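>>> Here is the input, now give the coordinates:
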Amino acid sequence: MPVKAKELGALAVSKIAQAKKTGMHAVGGVDGLLLQVTKTGATSWMLRAMIAGKRRGMGLGSYPAVGVAAAREKARAARQQIEEGLDPIERRQRVRREAVANRASTKTFDQCAKSMLEAKGLGWKNDKHRAQWSATLQTYASPILGSMPVNEIEMSHVLRVLSPIWVVKTETASRVRGRIEKVLDYATAHKYRQGLNPARWKGNLDAVLDKPGDVAKVKHHAALPIDDVPNFMVRLREAVGMGARALELTILTAARSGEVRGAKWEEFDLESGIWVVPAERMKAKKEHRVPLSRQAMTLLKAMPREDSVSLVFPAPRGGVLSDMTLTSVLRRMSVECTVHGFRSSFRDWAGDRTHHPRDMIEFALAHTLDDKTEATYRRSDALEKRRILMQEWADFVVVARHEIRTGHGKD
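Below is the predicted model of the structure:
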């Protein structure tokens, strides 16, 4: 019968380790428990035991990170498994393999967001839209969800992101919610998580958050009253600067600010009086033909033009004018409205002061119509009908100074 090793205390084990005598040192307390000292002086615990008919060694951790009492506890647990017919070494290796596999298949929210942005690279409207997506997620979602495995994200976590901004930044919060939902949908599609999406609105967050429309009423773009526009145009035409001229064309064509600021000379046919805005610069991503009034033609023909510059309204240092340039014109003129608000002025004037069909007015604004109506207009483009509408608008807003001053302008 083998001699049972004397059970050594912590102090005795410490002396063995300090002596750095290479080899295996029995410490007792559990059969086969040894303190291993290598040639380099490193010390660790080893359990020698018969497993499935073979004598094998099982590491139990380094010393002194694992103390004497802890080493004996690990050794007893391993021997208990052996007595039950289990292989503690194989079991530990299997657990480690599963952990590695789980780490490989588990993705964090930030990792999924990045992968989704890259995967959908060709689906964004433009680089600015993609940057906005990334920025809102980084600002609001990442501090809370960023490092979390997506399979652990629940509604309570999403609420931690949304609740602080739901009332004070309702529109932003609503966008953040939608973007979180899409990232988690992406994660589900790639099997990184299972179950219902905790960021979905209907039947989920709508039960705990007020509807966005109830929290913050929609703020419409401030517009000048219809009859104030002619007086404003007199002042605007006296203003100098590229921003003033761009704003003037914006009003005359009822176009969006970005469409005018990015306008290039090759888009204009000044012979036939047509401006063709390419699809990539339109909100609806469809080419839009704009009939030019006489006043718009006069403005464009008076603009300086250089062969090396394609932009009609270039910024002082080159490139496209910023959206704030046109807004600054309004501020200098002390006018309390927005650039976009002039589109509302046009719509109000056309609806209240003319007999043009509503769909024609909406088409002139490049608004998305129902498929049937839009198909009808696009078949012929309704260009000449819209030319009449836009000329009437230009005649209304651009009148002689003496007519403005005496109140005899056109209705």
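
>>> Could you check how far the most centrally placed residue in the chain is from Ile180?
In the chain, the residue lying closest to the centroid (C-alpha atoms, centre = their mean) is Trp133, at 1.3 Å. When C-beta to C-beta, to the nearest Å is the yardstick, Trp133 and Ile180 sit 11 Å from each other. (Glycine included, C-beta is placed from N, CA and C.)

>>> Then Glu152?
Counting by C-beta to C-beta, the separation of Glu152 from Ile180 is 14 Å.

>>> neighbour count winner among the two?
Between Glu152 and Ile180, counted using other C-beta atoms under 10 Å, the more crowded position is Ile180 (26 against 12).

>>> Report the separation between the more buried one and Ser174.
11 Å.

>>> other SSEs contacting the helix or strand harbouring Arg177?
Taking DSSP states H and E as the criterion, Arg177 maps to helix 170-189. Taking 3 or more C-beta pairs under 8 Å, 6 or more residues apart in numbering; DSSP states H and E as contact, the helices and strands that helix 170-189 lies on are helix 109-119, helix 127-136, helix 155-162, helix 212-215.

>>> do you know how far Lys15 is from Lys21?
10 Å.

>>> Over to Trp275?
Using C-beta to C-beta, Trp275 is found at 92 Å from Lys21.

>>> Can you pick out the residue with more neighbours from the two?
Trp275 (22 against 10).

>>> how about the more buried one, secondary structure?
Classification of Trp275 by DSSP: H, G, I helix; E, B strand; the rest coil places it in strand.

>>> so it touches Glu287, yeah?
No. Because the distance of 11.1 Å does not satisfy C-beta atoms under 8 Å, Trp275 is recorded as not touching Glu287.

>>> low-scoring pLDDT stretches of this protein, where are they?
Counting by pLDDT under 70, the chain contains low-confidence ranges at 1-3, 97-105, 121-128, 215-221, 369-381, 400-411.

>>> Against Val176, how distant is Val276?
In terms of C-beta to C-beta, Val276 sits 37 Å off from Val176.

>>> between these two, who's got more neighbours?
For Val276 versus Val176, the count of surrounding residues by other C-beta under 10 Å is larger for Val176: 22 against 12.

>>> From what I see, that one and Gln138 are in contact.
No. Val176 lies out of contact with Gln138 (C-beta under 8 Å); the separation is 10.8 Å.

>>> Show me where the stretch 1-150 of the chain has its strands.
Taking DSSP state E, counting those that start in this stretch as the test, the strands found in the stretch 1-150 of the chain are 23-26, 33-37, 43-51, 54-62.

>>> and among those strands, the most buried is which?
Most buried of the strands of the stretch 1-150 of the chain, by mean neighbour count (mean count of other C-beta atoms under 10 Å): strand 33-37, with a mean of 21.

>>> Could you name the helices and strands sitting against that one?
In terms of contacts (3+ C-beta pairs under 8 Å, 6+ apart), strand 33-37 is packed against helix 10-19, strand 23-26, strand 43-51, helix 68-83.

>>> quick one, it and strand 54-62 angle?
Between strand 33-37 and strand 54-62, the angle formed by their directions is 70 degrees, by axes from the mean of the first three to the mean of the last three C-alpha atoms, to 10 degrees.

>>> so what strands line up beside strand 33-37?
According to DSSP bridges, strand 33-37 has the following sheet partners: strand 23-26 (antiparallel), strand 43-51 (antiparallel).

>>> count of neighbours near the residue lying closest to Phe313 once chain neighbours are set aside?
Using C-beta to C-beta, 6 or more residues apart in numbering and skipping the chain neighbours, the partner closest in space to Phe313 is Ala246 (4.2 Å). A count of nearby residues for Ala246, using other C-beta under 10 Å, gives 23.

>>> just checking, Ala246 touches Leu321?
Yes. Under the criterion of C-beta under 8 Å, Ala246 lies in contact with Leu321, with a separation of 6.1 Å.

>>> check contacts around Glu238.
Going by C-beta atoms under 8 Å, 6 or more residues apart in numbering, Glu238 touches no other residue.
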